[in-house]
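J.: no sequence for this one, just the structure:
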């Protein structure tokens with residue numbers, strides 16, 4: 001009789017969350033660090049650029065004030081593209097945003113979170129009025145809307161944490177950081 005020996009691979013001992021996805025650094029919503037890192041990740045990813053090669057436009061997004069989220073006054077950030085090349089992705093002042101935007105869209109932070117978490121679709125929320133067009137033509141927004149999923153991928157290429165997901169201590173630090181960088185950047 002022959003004996004058989006079975007060899008088994010050991011199962012991964014990595015924590016479950018590390019098995020499911022690559023490790024990513026965490027960034028906080030509506031911070032310059034989040035936008036800077038998202039821009040860096042996009043610019044270093046040729047596949048992402050290829051997906052957005054037909055996108056040109058100057059979009060500005062307004063995150064409405066929500067004190068319970070640590071956002072004491074509206075936050076504006078711009079996303080400027082020229083044939084898929086990312087020209088700008090950064091926080092801007094209200095005045096600059098209104099002046100430079102081809103399209104200015106505003107919503108509550110809760111509405112933006114649902115879009116960025118892919119719980120809701122941009123086009124659906126836009127058509128339902130959850131995202132308001134404050135500057136530009138509705139037809140123009142609808143012409144760039146097919147690129148929305150790829151833009152969302154750009155903005156969520158880093159691990160993103162929202163203020164309502166923070167502990168009390170983390171939330172206080174978030175608020176202090178927001179106050180500090182807004183004063184420093186004039187946004």
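T.: That came in fine, so what should we check first? Note that this is a predicted model, so its numbers are computed, not measured. Numbering: from 1, shown residues only.

J.: quick one, what contacts the spatially most central residue of the chain?
T.: For the chain, the residue sitting closest to the mean C-alpha position, by CA atoms, centre = their mean, is residue 155 at 3.2 Å. Going by CB atoms under 8 Å, 6 or more residues apart in numbering, residue 155 touches 38, 116. Using the backbone N, CA and C atoms, a C-beta is placed for each residue, glycine as well.

J.: try residue 64
T.: Going by CB under 8 Å, 6+ apart, residue 64 touches 71, 74, 106-109.

J.: Check whether residue 33 really touches residue 26, as I assumed.
T.: No - assessed by CB atoms under 8 Å, residue 33 is found out of contact with residue 26, at 10.0 Å.

J.: higher neighbour count, those two?
T.: A side-by-side neighbour count of residue 33 and residue 26, using other CB atoms under 10 Å, places residue 33 first with 14 against 10.

J.: Return the set of buried residues in the one helix or strand residue 181 maps to.
T.: Per DSSP states H and E, residue 181 falls inside helix 168-185. Using 16 or more other CB atoms under 10 Å as the test for burial, helix 168-185 gives 171, 174-175, 178, 182.

J.: One more: stretch 60-74?
T.: Here stretch 60-74 shows 60-64, 66, 69-71 as buried, counting by 16+ other CB under 10 Å.

J.: try stretch 30-49
T.: Going by neighbour count (16+ other CB under 10 Å), the buried part of stretch 30-49 is 30-32, 34-35, 37-39, 41-42, 48-49.
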